[in-house]
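J.: Structure for the following, please:
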Amino acid sequence: MTLQAMADDSDVGQPRIFLDQLETEFDILSQRIEIAEALSERARKAAGRRSGWANLPSGAIAPIG
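T.: Residues are numbered from 1 along each chain as shown. Take a look at the predicted model:
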């Protein structure tokens with residue numbers, strides 16, 4: 001294998017490795033976003049169950065004072 005052929009292989013290989021790493025990072029971030037959305041939805045539902053007043057129309061609660 002000549003020096004030029006080795007350089008050509010390296011030029012092709014580096015972007016492929018970078019792309020593989022980038023795809024892995026995207027997969028990890030997608031999973032974290034899905035987990036965060038699921039946790040957020042669970043927290044929102046739990047907060048709604050604990051405080052029934054949160055589901056009332058905005059004019060139903062008169063300000064104090």
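J.: mean confidence for stretch 42-58?
T.: Averaging pLDDT along stretch 42-58 yields 70.
J.: just stretch 18-25 next, same as before
T.: If you average the pLDDT over stretch 18-25, you get 95.
J.: Could I get the phi/psi values of residue 16?
T.: Main-chain dihedrals, residue 16, degrees, to the nearest 10: phi -70, psi -40.
J.: OK, contacts around it?
T.: By Cβ atoms under 8 Å, 6 or more residues apart in numbering, residue 16 lies in contact with nothing. Placement of C-beta: from N, CA and C, glycine included.
J.: gap between it and residue 42?
T.: Residue 16 sits 40 Å away from residue 42, going by Cβ to Cβ, to the nearest Å.
J.: what's the answer for residue 31, then?
T.: Residue 31 sits 17 Å away from residue 42, taking Cβ to Cβ as the criterion.
J.: same question, residue 23
T.: Distance of residue 23 to residue 42, computed by Cβ to Cβ: 29 Å.
J.: before we move on, what about residue 33?
T.: 15 Å.
J.: again with residue 32
T.: 16 Å.
J.: again with residue 26
T.: Going from residue 26 to residue 42 by Cβ to Cβ gives 25 Å.
J.: And for residue 48?
T.: From residue 48 over to residue 42 the distance is 11 Å, taken as Cβ to Cβ.
J.: Using CSV, write down the CA coordinates of stretch 27-39.
T.: Taking Å, rounded to 0.1, in the frame of the first residue of the first chain, the C-alpha atoms of stretch 27-39 are listed here in CSV:
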residue,chain,number,x,y,z
ASP,A,27,-29.2,8.3,20.2
ILE,A,28,-28.2,9.1,23.8
LEU,A,29,-29.6,12.6,23.7
SER,A,30,-32.9,11.3,22.2
GLN,A,31,-33.2,8.8,25.0
ARG,A,32,-32.5,11.5,27.6
ILE,A,33,-35.2,13.7,26.1
GLU,A,34,-37.7,10.9,26.1
ILE,A,35,-36.9,10.2,29.8
ALA,A,36,-37.2,13.9,30.7
GLU,A,37,-40.5,14.2,28.9
ALA,A,38,-41.9,11.1,30.7
LEU,A,39,-40.7,12.4,34.1
